[in-house]
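Q: Can you look at this prediction? I've put the sequence above it.
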4 protein chains.
Amino acid sequence: MNKRKIINDPVYGFISIASDLLYDLVDHPYFQRLRRIRQLGLADIVYPGALHTRFHHALGAMHLMSQALRTLQEKGHMIWEPESEGAQAAILLHDLGHGPFSHVLESVVLPGVPHEAITLVMMKDLNRQLNGRLDIAIQMFEGKYPRKFYHQMISSQLDMDRMDYLNRDSFYTGVIEGSIGADRLIKMLDISHDQLVVEEKGLLSIENFLHARRLMYWQVYLHKTLLSAQAMLTQILHRARELAAAGEQLFATPDFARFLYNRFTLADFDNEPDLLAAFNGLDDNDVWASVKGWKTHSDPVLSTLCQMLLDRNLFKISFFNEPPGEEVLAPLRERLTARGISETDMKYFLITGETTNWAYAKEQDPIRVKMKKGNLLDIADASDIPTIEALTKIVRKYYVCWAKNVSLRG
Amino acid sequence: MNKRKIINDPVYGFISIASDLLYDLVDHPYFQRLRRIRQLGLADIVYPGALHTRFHHALGAMHLMSQALRTLQEKGHMIWEPESEGAQAAILLHDLGHGPFSHVLESVVLPGVPHEAITLVMMKDLNRQLNGRLDIAIQMFEGKYPRKFYHQMISSQLDMDRMDYLNRDSFYTGVIEGSIGADRLIKMLDISHDQLVVEEKGLLSIENFLHARRLMYWQVYLHKTLLSAQAMLTQILHRARELAAAGEQLFATPDFARFLYNRFTLADFDNEPDLLAAFNGLDDNDVWASVKGWKTHSDPVLSTLCQMLLDRNLFKISFFNEPPGEEVLAPLRERLTARGISETDMKYFLITGETTNWAYAKEQDPIRVKMKKGNLLDIADASDIPTIEALTKIVRKYYVCWAKNVSLRG
Amino acid sequence: MNKRKIINDPVYGFISIASDLLYDLVDHPYFQRLRRIRQLGLADIVYPGALHTRFHHALGAMHLMSQALRTLQEKGHMIWEPESEGAQAAILLHDLGHGPFSHVLESVVLPGVPHEAITLVMMKDLNRQLNGRLDIAIQMFEGKYPRKFYHQMISSQLDMDRMDYLNRDSFYTGVIEGSIGADRLIKMLDISHDQLVVEEKGLLSIENFLHARRLMYWQVYLHKTLLSAQAMLTQILHRARELAAAGEQLFATPDFARFLYNRFTLADFDNEPDLLAAFNGLDDNDVWASVKGWKTHSDPVLSTLCQMLLDRNLFKISFFNEPPGEEVLAPLRERLTARGISETDMKYFLITGETTNWAYAKEQDPIRVKMKKGNLLDIADASDIPTIEALTKIVRKYYVCWAKNVSLRG
Amino acid sequence: MNKRKIINDPVYGFISIASDLLYDLVDHPYFQRLRRIRQLGLADIVYPGALHTRFHHALGAMHLMSQALRTLQEKGHMIWEPESEGAQAAILLHDLGHGPFSHVLESVVLPGVPHEAITLVMMKDLNRQLNGRLDIAIQMFEGKYPRKFYHQMISSQLDMDRMDYLNRDSFYTGVIEGSIGADRLIKMLDISHDQLVVEEKGLLSIENFLHARRLMYWQVYLHKTLLSAQAMLTQILHRARELAAAGEQLFATPDFARFLYNRFTLADFDNEPDLLAAFNGLDDNDVWASVKGWKTHSDPVLSTLCQMLLDRNLFKISFFNEPPGEEVLAPLRERLTARGISETDMKYFLITGETTNWAYAKEQDPIRVKMKKGNLLDIADASDIPTIEALTKIVRKYYVCWAKNVSLRG
């Protein structure tokens, strides 16, 4: 075999691909597509280094999975070879169903279809192609595999997905304060009563992890400038769909055009045999190429928004602790009207939204600590550390975005 | 002033933008375009982390310039404020004229027009917009500024361009052995007789620098798989131009289409006033979107090559110490013929080329060392280190690329 | 001049010594002594990498000072050259008065004399030798210099001392979760109303700083094993002094012997002209050599404790939320008695103590934030972040150390 | 079991102790002594961060051994559990026999007894204490174990000892250009014909390794200032032994005194049952404490040298390509005579020596490369890289050290 099995990774040094099945998955066009989808969408508009892809993230999560499974083995837990491969395959494929700019465009491109659902469609299609070799991976992904901790390693508040993306996002943005210490966290994992747990001596590591996550939210994921750019791109896509619905011609790759001019449901993936291939044709380049093609479109709303985004001429944005009322919005509407924005177009240039930062969701999916005496406690109860409690509070913010110096093209 | 003046950089921590002029340059659409052009083109096909852009590289080079100027000041050299700003502006803008996949596509998209020439066109255009505030920067860039060492800091074997790209490419590929120790190198810089020189105690650092550069060539820039992907993309563009010349319809953004369907010279930038804007409309997304649009084109050569590249189904490649003769090429041609490749299409599926790795070009542009006694020596003479001599030898390799298991579409 | 002015530092890359005065200070035997005193005393017993010295820390703090002063200059504040040198000199010398294992042995070797007082004695002596060139530095150190922010940079909750030691301790222990992001913190510093303040956009950085500090306390400074080793060393020194007072012969270097056999006060540094030289003769080697010399001393208490410490055969230690009562202590006393420990020796083998972790001392010395509107707020009020409040709570713990399997020598 | 099995390491993150035997070895006083012996002796006089100990190095080498064995397993080689433990034990213990400042003092403290011989004495003693559990480790260490590649992993030009110390020394000195890329090197290891070999695709990594090693020699191990300090310490010890032989009283810990006043051979370790314990009582503190004790000794040569070393008032040193003749030495002798140095004392203040830097010793112990075709080649033959050849040349330098401004004490 001459397969390339070691991949350079600035974050972890090297990532090994441990089996032929995993290699074949990495090599498949479904997975190769992820090379062209950035993990953080538009975030490079704030952090120019944040260009890493879902491809690299998925490999990194697989790497952490292999590290975590080794830790569990060293602590005496039996991990069968097919389980190890299954868990690695599942985490490798967990993001297959993401489209470009997923968290932004999901609601526009495939409204009502969560990316997890498409991931499952793709995993099952791959499983057919591979004659059932993904059976265990799919069971683990769906939470149907008997040993439940595998699912928790794939999807929970301590899963390998989260650990890699926090780690990787911190690294590539250069926000080093967001570093979670994945190495140490993983050494602290254990299994108790078929649950993924953390050893008591890992308490400080978990606290640091929650704290870093919270910091990454405010510093990166919910960064004002990024929210503004995302709002603009969302409105561009809304406008494009509106024009498409009205029969207007829109520059787009064939695959992207299909999604702009139609409104698909999950069931359509069963009914239209080539729809999955079309979906797999979508990546960041389709969106950017369209934005570039549309900057000269005859519709002034569309072309204006596209040119502004390309030149990084972004909407102003303000945060509020309460939903902003008319005392905030009315003056903005007036200013935009004065700049020639009609009432029907107003929604494209004045946008409201809300956002929350929930560092630790205690109720839904607790992080369990295995105390030295053997009992399991929720992290918030295990710690006499006052900050953990503080991290369980939801912080909710409201925002208003608007085009300060807009002048409509045309 | 509310300008954002500190930019996170995973490589150096933070990059400060030191003046309003520099800020305005960064903010300009000419510079913002570089956000959408990767420094290493297709290299992420081998090193998935190598996604960094010319935007980030240019900022990094400006940062190193400011560090180097500070070192020179600390050693007692007078650096005037306008010179400092000019040198930073010049290095910031030195790559403006790069198109997407520049080293690959220069010869296809704008044959005969080197990117440095377009950089100068753009700098002069910016200078007009800025009422002459780039006069010094342009003089330094062109080598016309009286104090010659500034030009050497912008363009020579020890320039800040090279230091940043080697550093940055090493960082993002994860090839840490290619780390050049830019920090220390810069501390070793000095000026003597208006020349940029290295202090004698920096000899080992220079040797390490040349060695690292050589390693980066073989490990990254001339990596077999990358050369193969580049050859494929070049042939795709050649084919597209051929079809365009024959009047075929080709999916492309308006700006990209203009370059596909025409053959411009440098003079055309003067004659066609909007050509520069069109050039500034080009970035990596145009190329990728076209490759994606062309994967279903009716021309089987074009569509086959595009689909292969998208799926990372790359040509085989072999290196030779001598130009490969018929004993190598004839059997390959036969195999391709057997797979249905016609003689006229053969050049798209069987490609030869050569490549060289010249770690230190002694004759053209020596690296000068200031000995403790005050005299200047060429690095190769200053050192009694046998390896420097070795690094001045050109290593030349020849390669053959071919589509092993090709089956033409359609 | 041939002075070596750049020092390699694994933490910051390079540290530059910016003036001849600073160079002469570094070169002075008072400062060179710090090469032989570890920053973290016995901490390598838990973290084998934690061997860094007060020498390196002081250089690092000077480096951060120069960075911080540059930031302030870039924000438009006037920093005169003598001030810059003074501030760097002051922070460079701020730890001169530390003896070996300072936080442990201060109370034993020089009871009642705080290390800051000796630092001042030494700085003043240096100032005499240097003909008053440290006048400004000493004023800044004492808080008597008119511009108060300099003193805050030398000694406050945001001083360069703290930033370097947290950074450096985190680096050398390998507790990367304790990384404070000094680079960014320093970029966020400003001056307002002659106070050292943090810009509002640095809120998250400060929060991260406080959090990291807290983590370093529990993970490093108050690590159980370290507290146990410190308690043992303290008892060794207490016993040695007791024997010395009784006229026993004790192996020790001449300088160390002087402090073992006498009880000096601060006034003695004035009265005994060579006492300062003797103090400057003390470093970690004196203590370790004595421990090694004493492991065969005829006093069984002394020799037993020394051999146990050398072999890393440490006391057991337990933490309590309340001061442990007789229900805890009585059984331990019984066990020790059973192993031959007499009532008079009991205090050497059963030790109680307390320890606190106060991440942010709001009342004493607030960290001030300069809001965008210009007003100053205490960090705890500036933030709507619930965790800051949590960090202002004192966490106090009580501990009991005891020699579990002790068997007295001899 | 409550054994601490994970050790923080700034270099590798974490080091796991994989078995109870390994844990017991780490815990043994023989190994704990290495905590008090620095890897690089006096090098912190140039690189203040270079304080790491043989303790940490040995743990690091064990860590790399476990990584390398895992790589070999993944490539299909059978590694039995007892072999894995044996190889880790052997590398863990390989430096047991080092005394303080070993490369400097070996010839003074135990003339004619190489440290490897003492290591073996200590390993065998440990084996007795552990009832033969080190049999395999000792066979591997001595090269008597049937599968020879294990010995090569412990002692050869590619052994784990060298990889860790180069890596670690580069890290702690801050000479990052000396980074060898241990991670990648280890991934490239393989076994062929029972030999440790490197895969062909690791050629560049090996070249980088040899280059880095060469750089570390000149930049660190043979740094002028360090050689000077070493020469001084050597002369201090020579003088002390001379005085001891003459019956003079010398301050020293009991264990160190035993070695100063006697001249032991390897056989004495058999004859004097407590000699090994005395040897195990030696560490850096004994030497430093004596230097400090001797700075006021009545012998002016001894006290002068000690005070100079403590205050970092070092000998001047010059390098020569040829052994320096009288034209160099005579004037220096004159100057020293003029400063009151007698002819008999001259050897303590004017020292000559030589030093070599041999990056790759081709003849003795070649590094073998496994070519893609399966054959093995010496690295120098496998590579068409001109620099490898250059690295096989010995570079020899001669030096003269002398006390420029000496004034004898007393």
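A: Perfect, I can see it now.
Q: interface residues of the stretch 151-300 of chain A facing chain B?
A: When proximity is defined as Cβ under 8 Å from any Cβ of the partner chain, the stretch 151-300 of chain A approaches chain B at A:171-176, A:251, A:253-255, A:281, A:283-286, A:288-289, A:292-293, A:296. In this view, the C-beta of every residue, glycine as well, is placed from N, C-alpha and C.
Q: Please enumerate the strands of the stretch 251-400 of chain A.
A: Ranges of strands in the stretch 251-400 of chain A, per DSSP state E, counting those that start in this stretch, are A:316-320, A:350-357, A:368-370, A:376-378, A:395-402.
Q: Quick check: buried residues in the last one?
A: The reference is to strand A:395-402. For strand A:395-402, the neighbour count (16 or more other Cβ atoms under 10 Å in any protein chain shown) marks A:395, A:397-402 as buried.
Q: Is it possible to get JSON lines of those that adds pLDDT and distance to chain B?
A: Converted to JSON lines, the buried residues of strand A:395-402 look like this (pLDDT from 0 to 100; distance: Cβ to the nearest Cβ, whole Å):
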{"residue": "A:V395", "pLDDT": "79", "distance to chain B": "23"}
{"residue": "A:K397", "pLDDT": "89", "distance to chain B": "20"}
{"residue": "A:Y398", "pLDDT": "95", "distance to chain B": "22"}
{"residue": "A:Y399", "pLDDT": "96", "distance to chain B": "18"}
{"residue": "A:V400", "pLDDT": "97", "distance to chain B": "18"}
{"residue": "A:C401", "pLDDT": "96", "distance to chain B": "17"}
{"residue": "A:W402", "pLDDT": "97", "distance to chain B": "16"}
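Q: Pick the one among these closest to chain D.
A: A:V395 (32.2 Å; Cβ to the nearest Cβ).
Q: circling back to that earlier point, tabulate the buried residues of strand A:395-402 (CSV), appending distance to D:N313.
A: Shown next, in CSV, are the buried residues of strand A:395-402 (distance: Cβ to Cβ, whole Å):
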residue, distance to D:N313
A:V395, 60
A:K397, 62
A:Y398, 68
A:Y399, 65
A:V400, 69
A:C401, 67
A:W402, 69
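Q: Please spell out the PyMOL selection for the buried subset of the residues of the stretch 151-300 of chain A next to chain B.
A: Of those, the buried ones can be selected in PyMOL as follows, counting by 16+ other Cβ under 10 Å:
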select buried, chain A and resi 171+172+173+174+175+176+251+253+255+281+283+284+285+286+288+289+292+293+296
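Q: Could you list which of the residues of the stretch 151-300 of chain A next to chain B belong to helices?
A: Taking DSSP state H, the ones among those that sit in helices are A:171-173, A:254-255, A:284-286, A:288-289, A:292-293.
Q: near chain C, from the residues of the stretch 151-300 of chain A next to chain B?
A: Near chain C, judged by Cβ under 8 Å from any Cβ, the entries from those are A:I176.
Q: Can you mark which positions in whichever helix or strand A:D125 is part of are buried?
A: Assigned by DSSP states H and E, A:D125 belongs to helix A:115-129. By neighbour count with 16+ other Cβ under 10 Å, helix A:115-129 contains the buried residues A:115-116, A:118-123, A:125-127.
Q: distance between the one helix or strand in chain A whose mean pLDDT sits lowest and the chain's centre?
A: When each helix and strand of chain A is scored by mean pLDDT, DSSP states H and E, helix A:386-391 comes last, with a mean of 71. Averaged C-alpha coordinates place helix A:386-391 at 26 Å from its chain's average position (Cα atoms, centre = their mean, to the nearest Å).
Q: Just list what the helix holding A:D125 packs against, helices and strands only.
A: Applying 3 or more Cβ pairs under 8 Å, 6 or more residues apart in numbering or on different chains; DSSP states H and E, we find helix A:115-129 packed against helix A:29-32, helix A:81-93, helix A:135-142, helix A:275-280.
Q: now it and helix A:81-93, what's the angle there?
A: Relative orientation of helix A:115-129 and helix A:81-93, computed by axes from the mean of the first three to the mean of the last three Cα atoms, to 10 degrees: 130 degrees.
Q: quick one, whichever helix or strand A:A58 is part of and helix A:81-93 angle?
A: If you go by DSSP H and E, A:A58 is part of helix A:54-74. Helix A:54-74 runs at 150 degrees relative to helix A:81-93, counting by the same axes, to 10 degrees.
Q: Lovely, talk soon.
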